[in-house]
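# quick check, what structure comes out for this input:
(2 chains)
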There are 2 protein chains.
Amino acid sequence: MELSVQLALNGLISMVGAYITYKTIPQMSSMFIKSHLSGIDLCKKDRSRVIAESQGAVSGCVYLVILFLYIPIQFMKINGSEFAHFELFVQFLAGLLSICCMLLLGFADDVLDLRWRTKLILPTIASLPLLIVYMLTYDNTTIIVPKPFRILFGFSVNLSYLYYIYLSLLAVFCTNAINIVAGINGIEAGQGLVIGSSIIAYNIIELVRNTDQWESHIFALNMMIPFVAVTIPLLYHNWYPSDVFVGDTYCYFAGMTFAVVGILGHFSKTMLLFFIPQILNFLYSCPQLFHFVQCPRHRMPKFDAKSGLLEPSTFIIKTNQIGTLGALMIRILRTFCLVRYKQIDETTFECNNLTIINFTLIIVGPIRENRLTILLLTVQCCCTFVAFLIRYGLSQIFY
Amino acid sequence: MELSVQLALNGLISMVGAYITYKTIPQMSSMFIKSHLSGIDLCKKDRSRVIAESQGAVSGCVYLVILFLYIPIQFMKINGSEFAHFELFVQFLAGLLSICCMLLLGFADDVLDLRWRTKLILPTIASLPLLIVYMLTYDNTTIIVPKPFRILFGFSVNLSYLYYIYLSLLAVFCTNAINIVAGINGIEAGQGLVIGSSIIAYNIIELVRNTDQWESHIFALNMMIPFVAVTIPLLYHNWYPSDVFVGDTYCYFAGMTFAVVGILGHFSKTMLLFFIPQILNFLYSCPQLFHFVQCPRHRMPKFDAKSGLLEPSTFIIKTNQIGTLGALMIRILRTFCLVRYKQIDETTFECNNLTIINFTLIIVGPIRENRLTILLLTVQCCCTFVAFLIRYGLSQIFY
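Alright, predicted model coming up:
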């Protein structure tokens, strides 16, 4: 089948999938609430309203169904002799397997509240099939060294197993990255939409530039178009004021989908560029994530019922309870004015929770929830622009 | 790597997996109870005890982890040029994908109580990758006609697409078959254990007989040994009196694993022979399953608190409310003494729920729950014996 026809069919099925997601979410949400999969929106005045959680599960399931139904369209005509296509099929299966595992993990996390350890180990294992398929079909572990470092390392370096460790860490990072920029209406699905669209744009640009890796880019488009399609209706229902929450299910599902596309599409480094806000958030969060300082269960902004605006949420630092490293990290953040810090008494300080959401609130001051979401998503879009500048501008200089 | 070493390693990892399952289930069960994934054992005097549901999810996840870790052992040494191994890898991935989907569906069913429609449509779609892989790697849709029918059909018939419909129905049947012989302590995991062991025995026999399809049999063993390994500890915790329930999760997971092994191991017809009790139960249940007569939500046996024994549960038939077909079915069952039927008034009758569990109780009279489980599992073992007789005895006459 012609590739353009194939892609058009993908778009068509995706549109049907989007419609089904749009219709199914309201139907399923009562079922979820009945099963205690629900929460209360802490950033609203009315806290009596019970809101269905984990609706990302609906998006994820529709996504899998779309891609399952798309398999015959993509691969029916091939047979054993056409090895290249067969390879593509293996990649497709391995990708779907990893994504399905993360859907299961995400849903289990929403239902059971899994431990942090589990959330790091399971994605690592779930990325194994992905890495093995990469090894069997592509096995390129050589990176081109940027010009300034070529004196030290030469033109290229074969990272061998180190490269696979990088890919594995990438998968774990992606699955958790969106989950730690979360907590206000529309932010998770919004990130998914912006990053997904950025990846689509990148692959179309590459296809138009007529690279030799067109099969990888078609692969990426085939995976990302349905993803964006099931994300849009989810974002619609999750937009301020939210009728449903997306849950960890969506964050894991989205993250692993990006990891799959980046790794098997052979543009993992470019893909990381689309994660600039998430990377900054991760770095900023490190002192809390790795428990150098206290880390409350939820770090979302605080809602001021009087003004109806969001303010940065805080945590308490008792100077005699944190170690030297924790104290050092906070000092560095204070030096660069990256935190709002308030002394309560001699040994007790109050500091904003270390997420870019709270950091944004420090800069712009208290604002309404929907405006904060729009602001953060605008930043995400700007970062995509920066990413393209780096990919097509700076990289020409350095490579 | 030597195949025998590979199998030994599989056994070793499986044993570790079994131990982890054994240890994890009690740890997880409190987590499940906290998340409202719990039930009450209706066949016990003490109904205050809350028992964790869906512990099949633990078995299923450990199973996936075992097979993920086993991938490198099985496939690391191969490269693009060894096509046969590559094919095996694709089958392995497609199998895992279908199993993972069913784990997700089963868990979602336990949490959300999905509709019947969903439970039939989703396994059909989840079996798609399986069928496509079968098509791409084996694509044998020709069946040998039994001798008595050869005058009519010739030596063999190519069923073409019909064969794929059969395989798809097989997958749907398997995923639901164990789920409808359920409700007493140990019966679901017990069935899984007996059928799983039967499949292992069959594949070892075939390997010893030195058939040409040894790769398929190794494939089946690689999938089934870990399955049996994670089933045993689950059965231990689920045995009378149950500390945990296995949930729909286990039934779906087990069913799809059998379907995968049967289809991709190319012995789907032999595998169906191990499902004799399930097939009889399905046929017996048809009037209720397809709503020709009333079907209560639960059809498990009734517990008599006085005697501590189980009795057949019943449903009410109002003759003016069931159609001609329903009445005819009940009449046929009565003619062959397959139901216990009692007139209440002129238009109202009481009939036992149509499952082989209730049917067994009609034959042997009220007995204790654990004895019923043992009896049913003994029947299952006898049926395996019959299956082997048919496979290696009768089939020699007919083929």
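# residue of the stretch 201-350 of chain A with the smallest distance to chain B?
A:Thr249 (10.2 Å; C-beta to the nearest C-beta). The C-beta positions use only the backbone N, C-alpha and C, and glycine is treated the same way.
# now do the contacts for that residue.
A:54-57, A:60, A:103, A:106-107, A:109-110 (C-beta atoms under 8 Å, 6 or more residues apart in numbering or on different chains).
# pretty sure A:Ile357 sits against A:Ile180.
No. Look at A:Ile357 against A:Ile180 with C-beta atoms under 8 Å: they stay out of range, at 9.8 Å.
# between those two, who's got more neighbours?
A:Ile357 (25 against 19; other C-beta atoms under 10 Å in any protein chain shown).
# where's that one, which helix or strand?
helix A:356-364 (DSSP states H and E).
# the helix or strand immediately after that helix in the chain versus helix A:356-364: what angle between them?
Using DSSP H and E, the helix or strand that follows helix A:356-364 in sequence is helix A:369-389. Counting by axes from the mean of the first three to the mean of the last three C-alpha atoms, to 10 degrees, helix A:369-389 points 100 degrees away from the direction of helix A:356-364.
# send me the next helix or strand after helix A:369-389 as PDB with only the CA atoms.
Note on helix A:369-389: by DSSP H and E, the next helix or strand toward the C-terminus is helix A:395-398. Coordinates of each C-alpha in helix A:395-398 appear next as PDB, following Å, rounded to 0.1, in the frame of the first residue of the first chain:
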ATOM      1  CA  SER A 395      23.600  21.400  15.800                       C
ATOM      2  CA  GLN A 396      24.900  22.500  12.400                       C
ATOM      3  CA  ILE A 397      27.600  24.500  14.200                       C
ATOM      4  CA  PHE A 398      28.500  21.800  16.700                       C
END
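# does anything pack onto helix A:395-398? Which helices or strands?
Applying 3 or more C-beta pairs under 8 Å, 6 or more residues apart in numbering or on different chains; DSSP states H and E, one finds that helix A:395-398 contacts no other helix or strand.
# and the closest residue to A:Ala108 other than its chain neighbours, its phi and psi?
Nearest residue to A:Ala108 in three dimensions, chain neighbours excluded: A:Leu114, at 6.4 Å (C-beta to C-beta, 6 or more residues apart in numbering or on different chains). Dihedral pair for A:Leu114: phi -70, psi 160, per degrees, to the nearest 10.
# how many other residues sit next to A:Leu114?
A:Leu114, neighbours per other C-beta under 10 Å, totals 17.
# which residues touch the helix holding A:Ile357?
A:181, A:183-184, A:187, A:277, A:280-281, A:284, A:299-301, A:310-313, A:338-340, A:352, A:367, A:372, A:375-376, A:379.
# still on that earlier bit, can you lay out the contacts of A:Thr249 as CSV showing distance to B:Met256, pLDDT and neighbour count?
Below are these laid out as CSV (distance: C-beta to C-beta, whole Å; pLDDT from 0 to 100; neighbours: other C-beta atoms under 10 Å in any protein chain shown):
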residue, distance to B:Met256, pLDDT, neighbour count
A:Ser54, 23, 94, 29
A:Gln55, 25, 96, 31
A:Gly56, 23, 96, 32
A:Ala57, 19, 96, 29
A:Gly60, 18, 97, 31
A:Leu103, 16, 95, 27
A:Gly106, 20, 94, 30
A:Phe107, 17, 95, 26
A:Asp109, 23, 93, 22
A:Asp110, 23, 93, 27
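# now narrow those residues to whatever sits close to chain B.
Counting by C-beta under 8 Å from any C-beta of the partner chain, A:57, A:103, A:107 from the contacts of A:Thr249 sit close to chain B.
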